[in-house]
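Colleague: just a sequence and a predicted model for now, questions to come.
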Amino acid sequence: MKQNLYNYILGIADNSLMLGQRLGELTGHGPSLETDIACTNISLDLFGQVRSYFQYAAKIAGDERTEDDIAMLRKERDYKNVLLVEQPNTNFAYTLGRQFLFDVYHLAFLKELQKSADLTLSAIANKCIKEVSYHERFSSDWVKRLGDGTEESKAKMQEAINDLWTYTDELFHQTEADKAMVEEGIGVDVTKLKEAYYKNVSDLLLESILEVPESKYFQKGGKQGIHTEHLGYLLSDLQYMQRTYPNMEW
Amino acid sequence: MSTKNWPLWEVFVRSKNGLEHRHCGSLHAADEDMALENARDVYTRRSEGVSIWVVESKHITASNPENNGEMFEPAQDKVYRHPTFYDLPDEVKHM
């Protein structure tokens, strides 16, 4: 089995899985009917992407594991998503701030993944990029609206960006699987995305009359499976059905 | 927190095979950009359309149902206004 490729795919897919789950939590609880459906749509886009990745991962694993097993039955330490995407929906500004900080990265990442020497990965990237372009447009619009909105919306948006900023640097850390895949022309060298990322994000924050956080203290660990306390609670929701009724289908 | 509602917008969607935009519902949004995005998310998520128009509901002038008598009933007994009184030559097809 190609262990590096397998781990690499999981690293990509787990980000979409956790973010999709977070947005899915808003189903029926969004601030308005329209934004509720918008967040649920994005969630469904992400779960669709996750399925493509995990189906491919299951094929590479080549044993009895299915896409569902990979998605639902791992332990907390075996999930390799970045810390950013597991952060809770504290309020709408956090939800959209988290989305924005991830979308800018996600879009740049997929653009590069389209050039992957692995044809399945480049095909998945090709399919996802339209969806993610819309996500980025949606979340940027909302950051602008809230930042350049009322005094209250601005304060909440700024607070969310300030709090989430500490999780951004990890997006550009490389795992062993990353390095091996970059070497083979399959993976994206995320370190090269960093400069443009911070420029794009900063430009939009300034346009939104928000301040760009200056903190240089960054959290990391998600890519190694060391998560914030929030992931355990998220997983207990996500995995409940499969753990309680193993192999259930509907 | 502000409890003021966003204004109401009417949504018109043109389907892939349709020639015209059809009214498909309404939604709330703060401005036209948000109205378009909301319409996309609420009304075209099952690929119902290829084009969207939104118009703020307050810009629509509607007839008053109380005036239906004078507005619409006079047309009811004027069947000669339907083009059904012509003899069509056999050569004319697809009419």
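Modeller: Cool, the structure landed.
Colleague: any idea how far A:Gly30 is from the spatially most central residue of chain B?
Modeller: For chain B, the residue nearest the mean C-alpha position is B:His23 (3.4 Å; Cα atoms, centre = their mean). Using Cβ to Cβ, to the nearest Å, B:His23 is found at 25 Å from A:Gly30. Every C-beta, even on glycine, is put in place using the N, C-alpha and C of the backbone.
Colleague: wait, is B:Val54 part of a strand?
Modeller: Yes: per DSSP: H, G, I helix; E, B strand; the rest coil, B:Val54 lies within a strand segment.
Colleague: quick check: it touching B:Ala35?
Modeller: Yes: between B:Val54 and B:Ala35 there is a contact at 4.2 Å, judged by Cβ atoms under 8 Å.
Colleague: list residues touching both of those two?
Modeller: Common contact partners of B:Val54 and B:Ala35 (Cβ atoms under 8 Å, 6 or more residues apart in numbering or on different chains): B:9, B:11, B:29.
Colleague: filter those by proximity to chain A?
Modeller: Among those, the residues within reach of chain A (Cβ under 8 Å from any Cβ of the partner chain) are B:Ala29.
Colleague: CSV for the shared contacts of B:Val54 and B:Ala35, including neighbour count?
Modeller: Below are the shared contacts of B:Val54 and B:Ala35 laid out as CSV (neighbours: other Cβ atoms under 10 Å in any protein chain shown):
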residue, neighbour count
B:Trp9, 25
B:Val11, 25
B:Ala29, 22
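Colleague: tell me which of the shared contacts of B:Val54 and B:Ala35 is nearest to chain A?
Modeller: Set against chain A, the nearest of the shared contacts of B:Val54 and B:Ala35 by Cβ to the nearest Cβ is B:Ala29 (6.7 Å).
Colleague: doesn't the residue nearest to the centre of chain B lie inside a helix?
Modeller: No: B:His23 is assigned strand when assessed by three-state DSSP, not a helix.
Colleague: state the distance from it to chain A.
Modeller: Per Cβ to the nearest Cβ, to the nearest Å, B:His23 is found 17 Å from chain A.
Colleague: quick check, that residue in contact with B:Phe12.
Modeller: Yes: taking Cβ under 8 Å as the definition, B:His23 is a contact partner of B:Phe12 at 5.4 Å.
Colleague: list the buried ones in stretch A:22-41?
Modeller: Neighbour-count burial for stretch A:22-41, with 16 or more other Cβ atoms under 10 Å in any protein chain shown as criterion, is recorded at A:22-26, A:30, A:34-41.
Colleague: what's the span of that stretch from first residue to last?
Modeller: Stretch A:22-41 has its terminal residues 12 Å apart, counting by Cα to Cα, to the nearest Å.
Colleague: next: stretch B:47-66.
Modeller: 38 Å.
Colleague: check whether it contacts chain A.
Modeller: No: on the criterion Cβ under 8 Å from any Cβ, stretch B:47-66 is out of touch with chain A, staying 11.8 Å away.
Colleague: neighbouring contacts of that stretch?
Modeller: Contacts to stretch B:47-66, defined as Cβ under 8 Å, 6+ apart, come from residues B:7-16, B:21, B:24, B:26, B:29, B:32, B:35-36, B:39-40, B:43-44, B:71.
Colleague: what's around the nearest residue in space to A:Tyr198 that is not next to it in sequence, how many residues?
Modeller: Residue nearest to A:Tyr198 in three dimensions, not counting chain neighbours: A:Thr168, with 7.9 Å by Cβ to Cβ, 6 or more residues apart in numbering or on different chains. By other Cβ atoms under 10 Å in any protein chain shown, 23 other residues sit near A:Thr168.
Colleague: same question for A:Glu214.
Modeller: 7.
Colleague: narrow the contacts of stretch B:47-66 to those in strands?
Modeller: Using DSSP state E, the members of the contacts of stretch B:47-66 that fall in strands are B:8-14, B:24, B:26.
Colleague: so, low pLDDT: which residues of chain A?
Modeller: Residue ranges of chain A with pLDDT under 70: A:1.
Colleague: nearest to A:Tyr94 among the shared contacts of B:Val54 and B:Ala35?
Modeller: Of all these, B:Ala29 has the smallest distance to A:Tyr94: 22.0 Å, by Cβ to Cβ.
Colleague: of B:Val54 and B:Ala35, who's got more company?
Modeller: More neighbours surround B:Ala35 than the other of B:Val54 and B:Ala35, with 26 against 23 (other Cβ under 10 Å).
Colleague: so that one makes contact with B:Glu10?
Modeller: No: if you go by Cβ under 8 Å, B:Ala35 and B:Glu10 don't touch, sitting 9.3 Å apart.
Colleague: quick one, what contacts A:Leu83?
Modeller: Here A:Leu83 is in contact with A:167, A:170, A:219-222, A:227-228 (Cβ under 8 Å, 6+ apart).
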